[in-house]
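[1] sharing a model that was predicted from the sequence below.
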Amino acid sequence: MYDRLFPTAFLAGILIFLLYFITLAPPLDFPAGTYLRITQGESVAQAAQALKSRGLIRSRAVFEGLVRLFGSGTHIYAGEYFFAGKESAWTVAQRLSYGDYELIPVRLVFYEGLTVKQMADLLGKKVPDFDVQEFLSLGSPKEGYLFPDTYFVLPGEEAGILVGAMERNLNNHIASASTTVAKFGKPLSDVITMASLIEREAPDMHDRQIIAGILWKRLAIGMPLQVDAVFPYILNKAGTELTKDDLKVDSPYNTYLHYGLPPGPIANPGMTSILAAVTPIKTNYLYYLSDKQGNFHYSATYAGQLANSRKYLGH
């Protein structure tokens, strides 16, 4: 009797294994480390097609049947899913039915003085499946108002969520210093633009305050700001690569050719630069330069500026 049962049980086991392999087992070439985005309103059938085309399941019909089995019916959770290793169709269907994304936030530090484009480049390198173009589209008109700070960004996160968080962060910081900003008496837009110039001109708070005093004074007397920091923003290249011809570029941001502040910020300043812009140190200086060691030297006259240039820069 047992001799007759053994072949039957053996065959049944093989059939069960084959059934599992054909229907539930992960594909042999399952792409471990894959991100997959399910968009809002996407049907189970559409999700099944996406999973199949990405090699995450073997059978669309089995996946759709499992979703029904889990009680989801025609509903799955939209969002970004991460598949670290091989998973059976059972597990994949279960995760999409319950919204088990298994995402790990990426810690990003946006340093003071970064432009929106530089932020976008960092996001593209560090955050999987992030829509960099959408971030540029939403963030570029808000240059200067995306507060540099540490953020935790989910893979595939909508760019608008991050842009909104960065704007709110700036508003919160401005609110904490609202008395100082209001007392200065300049429009916030002017303050942020000035802070972006200072951010790129000097790293030290004291120098930033002196430079702020010089630049506000130049505005008051109708003198061009003549700030070199605008040119990397205009030309998208480092300050060390600038030539004399670059200083003649026809741009509304060219503070050598145009009087007044640029049309908007050239970077996203931190709170130190914003505070420096509204707490300038008044001096008799009208000129400044930075030597090769990064030390600043000031003068009240153009002749003094030329002397400092010969002494500290050799020209």
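    It's in. All values derive from a computational prediction rather than experimental measurement.
[2] not counting residues beside it along the chain, what's closest to residue 26?
    Leaving aside its chain neighbours, residue 26 sits nearest to residue 86 (4.0 Å; criterion: C-beta to C-beta, 6 or more residues apart in numbering). (Glycine included, C-beta is placed from N, CA and C.)
[3] cool, and residue 271?
    Spatial nearest neighbour of residue 271, chain neighbours left out: residue 173 (5.2 Å); criterion: C-beta to C-beta, 6+ apart.
[4] OK, contacts around the one you found?
    Listed by C-beta atoms under 8 Å, 6 or more residues apart in numbering, the contact partners of residue 173 are 147, 271, 274.
[5] now intersect the residues you listed with the helices, please.
    Among the contacts of residue 173, the subset assigned to helices under DSSP state H consists of 271, 274.
[6] pretty sure residue 180 contacts residue 279?
    Yes. Look at residue 180 against residue 279 with C-beta atoms under 8 Å: they come within range, at 6.8 Å.
[7] between those two, which one's more packed in?
    More neighbours sit around residue 279 than around the other of residue 180 and residue 279, counting by other C-beta atoms under 10 Å; the figures are 17 against 13.
[8] grab the nearest non-local neighbour of that one.
    In space, residue 279 is closest to residue 209, 6.0 Å off (C-beta to C-beta, 6+ apart).
[9] how about residue 34?
    Using C-beta to C-beta, 6+ apart and skipping residues adjacent in sequence, the residue nearest residue 34 is residue 83, 4.8 Å away.
[10] may I have the phi/psi pair for the one you found?
    phi -120, psi 100 (degrees, to the nearest 10).
[11] that older thread, secondary structure element for the residue nearest to residue 271?
    Here residue 173 is covered by helix 159-176, with elements defined by DSSP states H and E.
[12] quick one: average pLDDT of that helix?
    When the per-residue pLDDT values of helix 159-176 are averaged, the result is 96.
[13] equivalent analysis for stretch 214-222, please.
    Model confidence over stretch 214-222 averages 97 on the pLDDT scale.
[14] which residues are contacting that stretch?
    194, 197-198, 224-227, 259-261, 280, 283, 285-288, 298.
[15] if we go to 10 Å?
    With contacts defined as C-beta atoms under 10 Å, 6 or more residues apart in numbering, stretch 214-222 is touched by 184, 186, 190, 194, 197-198, 201, 223-227, 255, 259-261, 277-278, 280-288, 298.
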